[in-house]
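Novice: what's the 3D shape of this:
(2 chains)
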Amino acid sequence: MADDINPGYQYPFDMPSEEAVAFKDGAMEGKPAGVPASYDEGGSTRWSPEAISEVHALAQLGRYQVRGYNSFNKQLPTFDDLTFVPATMTRLPLEGYRENCETKTILGGGSGLVENPLELDIPIYIGSMSFGALSASAKAALGYGASKVGSMTCTGEGGMLEDEREASDTLVYQMTPSRYMLDLDHLRRADGIEIAVGQGAKPGTGGLLLGMKVSKRVADMRSLPEGVDQRSTVRHPDFLGADDMQVKVEELRLATDYKVPIIVKMGATRPRYDVAIAAKAGADIVVVDGAEGGTGASPELLLNHTGIPIMTAIRAAREALDDCGMSGKVSLVAAGGIRSGVDAAKCLALGADAVMIGNAAMMALGCNTPRYAEDYATLGTSPGACHHCHTGLCPVGIATQDAELEKRMDVAAGAERVARYLTAMTMEVSLLAKSCGKSTVHNLEVEDLRALSLEASAFAGVKLAGIDREFSW
Amino acid sequence: MSETVITVGDRHIREVHREIQAAAEQGGHIVLKDARSRHNLGVALPAGANLHFEGSVGYYCGGLNNGATITVERNAGWGVGEAMASGDITVGGYAGMSCGASMLGGVVHVKGDAGPRCGVAMKGGDIIVEGKIGYLSGFMAHAGRIIALGGADDACADSLWGGEVWVAGPIKSLGVDSKAIEPRPDEVASIEELLRSRGINDASRDWKKIVSGEKLWHFESRDANAWLMI
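Specialist: Numbers count the residues shown, from 1 in each chain, chains lettered A, B, ... in the order given. Model (predicted):
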């Protein structure tokens, strides 16, 4: 099963059976070794059920584990460590139910080079998730839902899906290193072009789509053999560093006649430098995707142990733009594990111009809903705990290419739920903004936040609650 | 046929690009003088356009081509003909890295050598290199043909998904998961016919055809259940 590091080596005894390697002697009914749920919590904090099961799994597989969803790292700081301090005596709040708070968001208009910047009615949009990772029905539902509320979607890696182009009034076309089906006609049908140099879930690695999801239609769109385990390159085929990327940005501008903005999307790693370099390379919009970001499939260790949380990356990214005089010229988008309008408002206050959601939009479609219990059980999971996007056996028809499962993804109902969710998120953002005395959500600022933990204060440079001073180094 | 002359010089590339696009709309032959190895010359051209660059060009010449015919007198920088959907590009001298990267169709014909990663991620069409192709040529190509008359450097045809790399002359080493197979006579005839159509008449060679070993198509564990342990 495993790759042999040293294929010539021979034991002085016969190879054991796969049964024996898999701990099958004396195995407990329904408790396979290598699965956290098979173990009780013991006294050791170091050797948790997860840690023990991981060793048992690796010992059987001889390879790292692959899964979808997002980070299970329990040490990531959360937006819940920040709170808003609304207007009281020093500031005047807006009347929540009478006075307006602007939510219109323009991205990519700062340089003055772009004829048609992205004009959104809300500061939230749905980010790059490929057709392949998601079903065509899910992609269409996201598109219609976003269009209804004046937001937008992004194609993701798998090329431009006609269902999505039709559904989404504003559609960003993602240019990944694999360049599936990318040509001039597709570029010119996009409202923005996103150069992906990385993603928060697994920065420094390329896309991954296991063969179970590489259906005929997906394979045709990617010019791949049907059913292959598609591993994409991480480096772009025709540029390497930032200086080359600057030439590539110019090429895309010429090809689209300076009509649409050029976006650079990156995983959050060293935002203070990476964002400055992306701005220098000519990006109109920089998307910083935190370590909490989701994905259809990834080596699990990368999900859990690479990248930095978005809460810590936004201020560094904003300071980078401030330092090189690019704030106002280059738009900043934050992404990664954003669950609600509250999280989104905190991103805006920390310095983002807009936020991008992924997993949250899938949940609005129906991800992890308590339905089709038997299919969750087949996957060995349950509603709320499902992270099996990589298998293509999504019980609710979202992260699948199986025609029968996809029928469970009702495009109309999904679209309406996405529209309502985005509406509710926007109301949450503007409610907080009004309480802080802002007539536009884009006036939220770091001063509107206080940290509830030393870590949050230190990570995000937010004043500690009460004492009103930043954690000082 | 009418001829339009455009001088590139050190003018802003947008101005040059607009003149090229406008001339392409008019039809006729377009000659570009004083190209100075500038980047992004002749990108996103429509079908029917016919360009000749005097001297050398920089990165992405003929990139995103939609059917134009382009000739370059001397050398081309990185990514000549990248993401071309259709069309015909001839480089009189050498081509830099990533010649024909992720192209979907059409022909790129390099009379000299091509740099590393020639035909990287290509999805269709033909790349003909009369000299040698650099290391990692054909890396993760999906479809199409790379035809090199003067040999190949290290890691030739590395990690192919599909497509074919044809090499006459020495191959320094094959890449991961690629295998050289004996081509059928009809396949050889089709390659030689293509070469003759490009004016390469002494096309008869000792060809090696390299295709995917198909081992990297799949992780070792194919079954969905194998991914369910977590």
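Novice: quick one: buried residues of the helix or strand encompassing residue A:55?
Specialist: Per DSSP states H and E: residue A:55 is located in helix A:49-61. For helix A:49-61, burial by neighbour count (16 or more other C-beta atoms under 10 Å in any protein chain shown) applies to A:52, A:53, A:54, A:56, A:57, A:60, A:61. Glycine gets a C-beta too; all of them are placed from N, C-alpha and C.
Novice: Rebuild these as a markdown table, extending it with pLDDT.
Specialist: Shown next, in a markdown table, are the buried residues of helix A:49-61 (pLDDT from 0 to 100):
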| residue | pLDDT |
| --- | --- |
| A:52 | 96 |
| A:53 | 94 |
| A:54 | 93 |
| A:56 | 95 |
| A:57 | 91 |
| A:60 | 89 |
| A:61 | 85 |
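Novice: now, which of those residues lie close to chain B?
Specialist: A:57, A:60, A:61 (C-beta under 8 Å from any C-beta of the partner chain).
Novice: Isn't residue B:179 up against residue B:216?
Specialist: No - Residue B:179 is beyond contact range of residue B:216, at 12.0 Å (criterion: C-beta atoms under 8 Å).
Novice: what's the closest of the buried residues of helix A:49-61 to chain B?
Specialist: residue A:57 (5.0 Å; C-beta to the nearest C-beta).
Novice: Identify the residue nearest the closest one in space, chain neighbours excluded?
Specialist: Of all residues not flanking residue A:57 in the chain, residue A:34 sits nearest, at 3.5 Å (C-beta to C-beta, 6 or more residues apart in numbering or on different chains).
Novice: pLDDT score for that neighbour?
Specialist: We have a pLDDT of 91 for residue A:34.
Novice: just residue A:444 next, same as before
Specialist: So, for residue A:444, pLDDT stands at 98.
Novice: low pLDDT regions in the chain?
Specialist: This is for chain A. Within chain A, the stretches with pLDDT under 70 are A:1-4.
Novice: The chain in question should be chain B.
Specialist: The model of chain B has pLDDT under 70 over residues B:1, B:203, B:221-230.
Novice: Helices of that one, start to end?
Specialist: B:13-26, B:185-197 (DSSP state H).
Novice: Would you tell me which one of those is buried the most?
Specialist: The highest average neighbour count among those, using mean count of other C-beta atoms under 10 Å in any protein chain shown, belongs to helix B:13-26 at a mean of 17.
Novice: How about residue A:160: what's its closest non-neighbour residue?
Specialist: Leaving aside its chain neighbours, residue A:160 sits nearest to residue A:186 (4.9 Å; criterion: C-beta to C-beta, 6+ apart).
Novice: Run through the residues that contact that neighbour.
Specialist: By C-beta atoms under 8 Å, 6 or more residues apart in numbering or on different chains, the contact set of residue A:186 is A:159, A:160, A:173.
Novice: Got phi/psi on it?
Specialist: For residue A:186, the backbone dihedrals are phi -70, psi -40 (criterion: degrees, to the nearest 10).
Novice: Same question for residue A:331.
Specialist: phi -90, psi 150.
Novice: Bridging across strands, which residues link to it?
Specialist: Bridge pairing for residue A:331 (DSSP bridges) gives the partners residue A:285.
Novice: was I right about it contacting residue A:287?
Specialist: No - in this structure, residue A:331 is not within contact of residue A:287 by C-beta under 8 Å, at 9.2 Å.
Novice: quick one: which of the two has more around it?
Specialist: More neighbours surround residue A:287 than the other of residue A:331 and residue A:287, with 33 against 27 (other C-beta atoms under 10 Å in any protein chain shown).
Novice: List the single closest residue to residue A:430 in space, sequence neighbours excluded.
Specialist: Using C-beta to C-beta, 6+ apart and skipping the chain neighbours, the partner closest in space to residue A:430 is residue A:101 (4.1 Å).
Novice: which residues sit in contact with that neighbour?
Specialist: Counting by C-beta under 8 Å, 6+ apart, residue A:101 makes contact with A:94, A:430, A:433, A:434, A:438, A:439, A:440, A:441.
Novice: can you check residue B:30 too?
Specialist: Residues in contact with residue B:30 (C-beta under 8 Å, 6+ apart) are B:3, B:4, B:5, B:6, B:20, B:23, B:24, B:49, B:50, B:51, B:52.
Novice: how about the fifth one, what does it touch?
Specialist: By C-beta under 8 Å, 6+ apart, residue B:20 lies in contact with B:6, B:30, B:32, B:41, B:42, B:45, B:51.
Novice: closest to chain A among the residues you listed?
Specialist: residue B:45 (8.8 Å).
Novice: What is the burial count for the closest one?
Specialist: 27.
Novice: Give me the domain ranges for chain A.
Specialist: According to automatic domain parsing, chain A comprises the domains A:18-63, A:79-460.
Novice: Look up how far residue B:199 lies from the residue minimising distance to the centre of chain B.
Specialist: What sits nearest the mean C-alpha location of chain B, by C-alpha atoms, centre = their mean, is residue B:100, with 3.0 Å. Residue B:100 is 19 Å from residue B:199, where distance means C-beta to C-beta, to the nearest Å.
Novice: related to what we said a few turns ago, pipe the contacts of residue A:101 into JSON lines and attach neighbour count and secondary structure per row.
Specialist: As requested, those are arranged in JSON lines below (neighbours: other C-beta atoms under 10 Å in any protein chain shown; DSSP: H, G, I helix; E, B strand; the rest coil):
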{"residue": "A:94", "neighbour count": "19", "secondary structure": "coil"}
{"residue": "A:430", "neighbour count": "23", "secondary structure": "helix"}
{"residue": "A:433", "neighbour count": "29", "secondary structure": "helix"}
{"residue": "A:434", "neighbour count": "22", "secondary structure": "helix"}
{"residue": "A:438", "neighbour count": "26", "secondary structure": "coil"}
{"residue": "A:439", "neighbour count": "13", "secondary structure": "coil"}
{"residue": "A:440", "neighbour count": "16", "secondary structure": "strand"}
{"residue": "A:441", "neighbour count": "27", "secondary structure": "helix"}
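Novice: which one of those sits closest to chain B?
Specialist: residue A:440 (33.6 Å).
Novice: Please consider this matter closed, and thank you.
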